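>>> take this sequence and fold it.
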Amino acid sequence: MRGGEELDGFEGEASSTSMISGASSPYQPTTEPVSQRRGLAGLRCDPDYLRGALGCLKVAQVILALIAFICIETIMECSPCEGLYFFEFVSCSAFVVTGVLLILFSLNLHMRIPQINWNLTDLVNTGLSTFFFFIASIVLAALNHKTGAEIAAVIFGFLATAVYAVNTFLAVQKWRVSVHQQSASDYIRARTESRDVDGRPEIQRLDT
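Numbers count the residues shown, from 1 in each chain. The predicted structure follows:
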């Protein structure tokens, strides 16, 4: 009987010791939010953005830039070739950069990187694409040999310029609205902090 009691006591002490050591162990099971564990599995397309004006413009830009790039790639002979190479670089760069932004905006991936001003990023991209597509189309129109591929590339280049220009106008308006909202929120925050300081005389005494 005594041996059984000692054995029961030993088991009780062992279980309590294991509980204490388990509580103090650094390798504890953690509960993470489901959204963090899923990573990219929780991505969903934003149909509202794709149906909106900016989304439709982005899709049109990607398509026009791709068609212009394909047209310029079908040209086998050129002399001089500087205008063709410049148009090729502009159309390829616009297609890649705008395509990446379209993916980020349509999947709301840009919301996961709030450190970047995406309105300003979109404005810079559309503005530069408008300028360089316009210049490249003019140069190609002046130096082309009136072949079908070159004429088609020039046409789609000017169409892309027009679409990028409209997007630039809308991006400027959106950027101005975001700047105004940011300044208004900063003003409200500053007023709130000043009222908190005025309501605490001990803080004023410490400042003096």
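
>>> let me know the pLDDT of T168.
Note on T168: pLDDT of 94.

>>> what is the burial count for it?
If you count neighbours by other Cβ atoms under 10 Å, T168 ends up with 21. The way it works is simple: take the backbone N, C-alpha and C, and place the C-beta from them, glycine included.

>>> list the contacts for A60?
Under the criterion of Cβ atoms under 8 Å, 6 or more residues apart in numbering, the neighbours of A60 are V163.

>>> does it count as helix, strand or coil?
Per DSSP: H, G, I helix; E, B strand; the rest coil, the local secondary structure of A60 is helix.

>>> S137 and T121, how far apart?
Distance of S137 to T121, given as Cβ to Cβ, to the nearest Å: 24 Å.

>>> out of those two, which sits in the more crowded spot?
Legend: neighbour count by other Cβ under 10 Å for S137 and T121, higher for S137 (24 against 16).

>>> list the buried residues of stretch 130-147.
Burial within stretch 130-147, assessed by neighbour count using 16 or more other Cβ atoms under 10 Å, is assigned to 130, 132-134, 136-141, 143-144.

>>> what's the first helix or strand after the lowest-mean-pLDDT helix or strand in the chain?
Across the helices and strands of the chain, mean pLDDT, DSSP states H and E gives its lowest value to helix 34-38, namely a mean of 45. Downstream of helix 34-38, the next assigned helix or strand under DSSP states H and E is helix 47-51.

>>> longest helix in this protein, please.
helix 148-198 (DSSP state H).

>>> check what pLDDT L64 gets.
pLDDT, read off for L64, is 97.

>>> skipping adjacent residues, who's closest to it in space?
Nearest non-adjacent residue to L64, counting by Cβ to Cβ, 6 or more residues apart in numbering: A160, 4.0 Å away.

>>> mind checking how far that neighbour is from I75?
18 Å.

>>> same question for F105.
33 Å.

>>> same check, this time on L128
Separation of L128 from I75 (Cβ to Cβ): 25 Å.

>>> where does the prediction get shaky in this structure?
1-42, 182-187, 189-191, 193-208 (pLDDT under 70).

>>> can you give me the distance of Y49 to F105?
In terms of Cβ to Cβ, Y49 sits 6 Å off from F105.

>>> before we move on, the earlier item: which strands and helices lie in contact with the longest helix of the chain?
With contacts taken as 3 or more Cβ pairs under 8 Å, 6 or more residues apart in numbering; DSSP states H and E, helix 148-198 sits against helix 53-73, helix 82-106, helix 118-143, helix 201-207.
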